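Student: below are the sequence and a predicted model; questions follow.
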Amino acid sequence: MSISTAVGSERISRIVGYKLKKGNFPTSTPNLPQRIFLLGQGNAVNQATMPDTLREITSAKEAGTLYGFGSPIHQMMRILRNGDGVGGIPTVVFAQPDAEGATQTVITVDLTLATTATDSATHYVVINGRVGMDGAEYGYSVVKGDAVATILQKIADACNNVQGCPCIVAVDNGQLTFTSKWAGATAAELSVTFDDMDKDCGIVYSIESTVAGTGVVDLTDAIAGMGSDWNTIVINPYGSTVFTTLETVNGIPDPDTPTGRYAAIIFKPFISIWGSCEDDKAVLGAITDARKTQVTHALAPAPNSAGFTWEAAANMAYLFALQSQNNPHLDVNAKAYPDMPVPTDGIIGDMSDYNNRDYLVKKGCSTVDLVAGAYVVQDFVTTYHPDGELPPQYRYPRNLMLDFNVRYGYYLLELINVVDKALAPSDQSIGVASTIKPKDWKQIIRSYADDLASRALIADADFMKESITVAVSLTNPDRLETYFRYKRTGIARIASTDAEAGFAFGIV
């Protein structure tokens, strides 16, 4: 065997040759690269021009240009890409076109004023819990003596001048109409209130009517668009209406017959994050209790928020993606949502009580608390909580991400050391390259166990090492079979201490 093949061994004439090869000599495998897959809708006016295939988007501005500013896609991207945002983690979008006959939400508002404004002040429109977007406010100046028509136009202008506003505002027959920029059932989440800053100037604002948007999107093309790439996190803006569809695609990690993207020859599953602003533990528990054997979904709660539910999902995806990319051994506990409207009265309902949060986690619901004016994650869990399994193996997305990381690193080692290599007996002397012996592969996996343990992804490396079995199949000489076990590390989610105190007697 030649040491070098830069110059062919058949060559005779005088020459110098030098050949460069790609090398791979890492002492440890990298963390699984994260990839966020956004489902979502574009604005009505963008339907004809927006991309109808998978598209990687690197900024909120790009999302707004392609799918419409104020659209659900833009709203999620402005959270994921605010400042440095999720950094180099790819954010890919597959937009769903409007369903045939889909309608937009229209909210009609009356403004009552005896004659003209009695004082001057600044008032605000509050749209889904926000008084503005990215530094531009829905604020307008009421000037003493202003007539109704003047104030109405000021309101319309204030909203329409904010590029990321989720609705279009018009003055019509002495009323205001707020029309969602996109059509469909998700548009029904649009909400409008007013804040007069405790100085009403004689003005009374009232919602006269709300006609909710209708139309259910089709995820068929988006699911197909996932392709063979590993999309580790999916943001689901449609909630429980598409649970079954996503479950079918993702499958389950059944020990005998894994399905969907958990299938052994695929194994590129995802964690789907959906949001909810519900504050009632019974309502939330009923949703997740119905999916107790599913590992696909994880709730991003924002109880009593006036924000859009997909904004909550984007907030949790932001936290989880960064943690999984950089520190997969940790979780998102105690991390605050970066950009989610909170209730002005500070009341978040059932989740403010620990007993209720404990109840919800046992039902497969994530929980948050309101701390210093922000939602802070207490528990991030999947809906998985089958009867009789204690502890549930796949309760925490963090634990699933540990499994994903173990598989990813192992796969890289397979590509480097095993795939398409000649199989040789462990005790046979070999004088050529591109071979693998069972004992050598076993040693590589033993080193991998140490690597995983050093990154706190597994506990007890020796346990994994002792479990490793490698052999060439007894029935197929081209089949290398491997088995090993490992113990995931835990997280100190609960700290319990007893301290015993008494009095000092007989002191001199």
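Tutor: Happy to help now that I have it. Residues are numbered from 1 along each chain as shown.
Student: could you give the backbone dihedrals for Met77?
Tutor: Met77 adopts backbone torsions of phi -70, psi -30, taken as degrees, to the nearest 10.
Student: swap that for Thr122, sorry
Tutor: Note on Thr122: backbone dihedrals following degrees, to the nearest 10 are phi -100, psi 120.
Student: dump the residue contacts of Asn231.
Tutor: The contact partners of Asn231, by C-beta atoms under 8 Å, 6 or more residues apart in numbering, come to Arg35, Ile36, Phe37, Val92, Lys268, Phe270. C-beta: built from backbone N, CA, C; applies to glycine.
Student: can you check Leu322 too?
Tutor: Per C-beta under 8 Å, 6+ apart, neighbours of Leu322: Val86, Gly87, Ile89.
Student: repeat that for 10 Å
Tutor: Neighbouring residues of Leu322 by C-beta atoms under 10 Å, 6 or more residues apart in numbering: Gln34, Asp84, Gly85, Val86, Gly87, Ile89, Val332, Lys335.
Student: show me the contacts for the residue nearest to the spatial centre of the chain.
Tutor: Nearest to the geometric centre of the chain sits Ala317, at 2.8 Å (C-alpha atoms, centre = their mean). By C-beta under 10 Å, 6+ apart, Ala317 lies in contact with 34, 36-38, 76, 79-80, 86, 89, 91, 233-236, 271-273, 275, 298, 300, 310.
Student: how about 7 Å then?
Tutor: Each residue near Ala317 by C-beta atoms under 7 Å, 6 or more residues apart in numbering is listed here: Ile36, Leu80, Ile233, Ile235, Ile273.
Student: just checking, the third one touches Ala321?
Tutor: Right, the one you point to is Ile233. Yes: using C-beta atoms under 7 Å, Ile233 makes contact with Ala321 at a distance of 5.6 Å.
Student: hey, what's in contact with both of those two?
Tutor: With C-beta under 7 Å, 6+ apart as the test, Ile233 and Ala321 both reach Gln34, Ile36.
Student: farthest pair in the contacts of Ala317?
Tutor: Leu80 and Ile273 (11.6 Å; C-beta to C-beta).
Student: who has more neighbours, those two?
Tutor: Ile273 (28 against 24; other C-beta atoms under 10 Å).
Student: the closest residue to Ile436 other than its chain neighbours: what's it in contact with?
Tutor: Taking C-beta to C-beta, 6 or more residues apart in numbering, and ignoring the residues beside it in sequence, Ile436 has Lys421 as its nearest neighbour in space, at 4.3 Å. By C-beta under 7 Å, 6+ apart, the residues touching Lys421 are Ser434, Thr435, Ile436.
Student: swap in Ala114?
Tutor: Gly202.
Student: if we use 10 Å, what do you get?
Tutor: With C-beta under 10 Å, 6+ apart, Ala114 has these contacts: Gly202, Ile203, Val204.
Student: please pick the buried ones from those residues.
Tutor: Buried by 16 or more other C-beta atoms under 10 Å: Ile203, out of those.
Student: where along the stretch 51-200 of the chain do the helices fall?
Tutor: Per DSSP state H, counting those that start in this stretch, the stretch 51-200 of the chain carries helices over the ranges 60-67, 72-80, 148-160.
Student: would you list those in TSV and tack on mean pLDDT and distance to Asn46?
Tutor: Converted to TSV, those look like this (pLDDT from 0 to 100; distance: least, C-beta to C-beta, whole Å):
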stretch	mean pLDDT	distance to Asn46
helix 60-67	98	6
helix 72-80	98	9
helix 148-160	98	17
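Student: wait, a helix at Arg485?
Tutor: No: counting by DSSP: H, G, I helix; E, B strand; the rest coil, Arg485 is not found in a helix; it is coil.
Student: could you report the separation of it from Thr382?
Tutor: According to C-beta to C-beta, to the nearest Å, Arg485 and Thr382 sit 22 Å apart.
Student: more neighbours: the two, which one.
Tutor: Counted by other C-beta under 10 Å, Arg485 and Thr382 do not tie: Thr382 has more neighbours, with 26 against 10.
Student: residues contacting that one?
Tutor: 271-272, 288, 291-292, 294-299, 364-366, 392, 394-397, 399-400.
Student: so Gly431 sits in a strand?
Tutor: No: applying three-state DSSP, one finds Gly431 to be coil, outside a strand.
Student: residues near it, how many?
Tutor: 6.
Student: same deal with Ile266?
Tutor: Ile266 has 14 nearby residues by other C-beta under 10 Å.
Student: domains for this protein, by residue range?
Tutor: 36-97+217-398, 104-211, 432-508 (automatic domain parsing).
Student: can you give me the end-to-end distance of the longest one?
Tutor: Taking C-alpha to C-alpha, to the nearest Å, the first and last residues of domain 36-97+217-398 lie 16 Å apart.
Student: that domain: how far from the chain's middle?
Tutor: Here the centre of domain 36-97+217-398 is set off from its chain's centre by 4 Å, with C-alpha atoms, centre = their mean, to the nearest Å.
Student: and what of the shortest one?
Tutor: Centroid separation between domain 432-508 and its chain, computed with C-alpha atoms, centre = their mean, is 28 Å.
Student: quick one: end-to-end distance for stretch 427-439.
Tutor: Termini of stretch 427-439 sit 9 Å apart (C-alpha to C-alpha).
Student: average pLDDT for it?
Tutor: The pLDDT scores in stretch 427-439 average 94.
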